[in-house]
Structure formats: structure tokens, C-alpha cells
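Undergrad: Sequence first, then the predicted structure:
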Amino acid sequence: MNDERSEELRDLVTAATNLNFPVKLRTDAVESIGRIGTHDALLALLDMAGNDQLSKKERELIIKLASNLIKAGF
């Protein structure tokens, strides 16, 4: 993955897991990670799915997006 894409993913993961951010912003960040559609994005989603500080609804969305990436072959 190129450095720009890696930095974008890192920034999105930071936003998605920052509990000081509103849920809507975190959700948007998670959806953006799902749209990146790379193996690194899949790994980031799986890592976030284990974060028990996120709400159940957020974690379910993360698992759904990770599942979609797996089905797509990432």
C-alpha cells in the first residue's frame, strides 16, 4: 500500500475509534474504511471489531463491512 493510502487508513482508524468524536463521525469513518477495499482495511476493521469500548451497533457495522470485504476477496 502506498504511503498516502496508508496515512489515510491510519487517520480513518483514529477517527473511527476516538470516543471523543460523535457517533456519526465515527460511523462515517468506519464506512470509509470499508470503501477502501484493501487487505489492510480489512485488518483494520477486524481489529476495531474487538474494541469493546465501541457501541454494539458500531461493532456490528464493522463486522458487516469486514464480511463484505472478505466476500470480495480481500
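TA: Thanks, I have the structure now.
Undergrad: tell me which strands and helices the worst-scoring helix or strand of the chain on mean pLDDT is in contact with?
TA: Least confident helix or strand of the chain, by mean pLDDT, DSSP states H and E, is helix 3-17 with a mean of 91. Counting contacts by 3 or more CB pairs under 8 Å, 6 or more residues apart in numbering; DSSP states H and E, helix 3-17 packs against helix 23-36, helix 39-49. Glycine gets a C-beta too; all of them are placed from N, C-alpha and C.
Undergrad: and of those, who's closest to Glu60?
TA: Closest of those to Glu60 is helix 39-49, at 9.0 Å (criterion: CB to CB).
Undergrad: how big is the angle separating that closest one from helix 3-17?
TA: Taking axes from the mean of the first three to the mean of the last three CA atoms, to 10 degrees, one finds helix 39-49 and helix 3-17 inclined to each other by 20 degrees.
Undergrad: Sort out which residues of helix 39-49 are buried, please.
TA: For helix 39-49, burial by neighbour count (16 or more other CB atoms under 10 Å) applies to Asp40, Ala41, Leu42, Ala44, Leu45, Met48, Ala49.
Undergrad: OK, contacts around the fifth one?
TA: If I follow you right, that is Leu45. Val30, Ile33, Gly34, Ile62, Ile63, Leu65, Ala66, Leu69 (CB atoms under 8 Å, 6 or more residues apart in numbering).
Undergrad: So among the residues you listed, which ones count as buried?
TA: In the contacts of Leu45, burial by neighbour count holds for Val30, Ile33, Gly34, Ile62, Leu65, Ala66, Leu69, counting by 16+ other CB under 10 Å.
Undergrad: Let me have those residues in CSV, adding distance to Ala15 and pLDDT as columns.
TA: Output for the buried ones among the contacts of Leu45, formatted as CSV (distance: CB to CB, whole Å; pLDDT from 0 to 100):
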residue, distance to Ala15, pLDDT
Val30, 9, 97
Ile33, 9, 97
Gly34, 14, 95
Ile62, 13, 97
Leu65, 15, 97
Ala66, 17, 97
Leu69, 19, 95
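Undergrad: tell me which of those is nearest to Leu19?
TA: Nearest member of those to Leu19, counting by CB to CB, is Val30, at 13.4 Å.
Undergrad: Give me the neighbour count for the residue lying closest to the closest one once chain neighbours are set aside.
TA: Nearest residue to Val30, sequence neighbours excluded (CB to CB, 6 or more residues apart in numbering): Ala16, at 4.7 Å. Look at Ala16: counted by other CB atoms under 10 Å, it has 24 neighbours.
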